[in-house]
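just a sequence and a predicted model for now, questions to come.
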Amino acid sequence: QDPENHKKPAYDQKLEAMLPVMRHEIPLKSHAHRADDIFTSLRVAKEFGLDITLDHCTDGHLIAQELAEEGRPCLVGPTLGNKSKFELKEKSWDTPRALVEAGAKIAIITDAPVIPLRYLPLCAGLAMQAGLPEEEAWKAVTINPAEIVGISSRVGSLESGKDADIVIYQGDPLRDVQCKTLATLIDGRLVYQAQG
């Protein structure tokens with residue numbers, strides 16, 4: 001509201017949607033594949049003093065050191081699938097490894113429903129096959145995403161006081177595509193148990 005004439009500004013739904021970003025309640029979500037677009041997003045975030053996450057980061061392995069120095073989270077994916085458009089030409093399973101080696105915090109994403117969420121362990125396993133250390137692969141699908149979205153006090157690791165969301169597997173879901181879920185607990189309650 002303008003204190004001079006007491007008129008309310010015209011309502012603009014697009015600008016209203018930016019208020020939580022400007023107030024630092026949520027980060028700016030930059031969906032950028034190419035290095036030039038990633039750098040542009042970072043410049044915008046710096047200019048306006050915004051928190052930002054870099055979603056996709058397809059070219060992340062080409063600029064890994066620069067991204068690590070920026071200290072912004074990199075949400076890598078979806079990497080599974082073909083290079084269906086120009087900005088995916090550098091898509092590689094090396095990206096998670098390169099970013100972690102440079103010191104960046106990563107999460108591996110499927111961009112569901114682009115790649116169904118049930119393939120998240122497979123994506124982490126394929127990144128591991130390309131050189132991402134196993135511990136980092138697990139972090140990229142558990143504690144890192146929880147920290148990035150600000151809910152690590154509740155989820156992302158097994159600790160006293162956190163939600164008891166647990167999956168028990170027969171096999172290793174990052175290494176075995178035939179791995180089976182034996183049981184699932186949500187908030188400490190059994191919600192699924194395999195038969196037989």
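Here it is on my side, so go on. Residues are numbered from 1 along each chain as shown.

in this structure Glu134 contacts Ala127, no?
No. Between Glu134 and Ala127 no contact is recorded; they are 10.2 Å apart, counting by CB atoms under 8 Å. Just so you know, the C-beta spots here come from the backbone N, C-alpha and C atoms, and that holds for glycine as well.

of those two, which one has the most company?
More crowded of Glu134 and Ala127, by other CB atoms under 10 Å: Ala127, with 28 against 13.

what residue ranges in the chain are flagged as low confidence?
Per-residue confidence of the chain (counting by pLDDT under 70) places the weak regions at 1-3.

how far out from the middle of the chain is stretch 46-53?
17 Å (CA atoms, centre = their mean, to the nearest Å).

could you work out the end-to-end span of that stretch for me?
12 Å (CA to CA, to the nearest Å).

flag every buried residue along the lengthiest helix in the chain.
When every helix of the chain is counted residue by residue (DSSP state H), the longest turns out to be helix 35-48. Of the residues in helix 35-48, 35, 37-39, 41-42, 45 count as buried by neighbour count, 16 or more other CB atoms under 10 Å.

okay, the angle between the helix or strand following that helix and helix 35-48?
Sequence-wise, the next helix or strand beyond helix 35-48 is strand 52-56, with elements assigned using DSSP states H and E. With axes from the mean of the first three to the mean of the last three CA atoms, to 10 degrees defining the directions, strand 52-56 sits at 170 degrees from helix 35-48.
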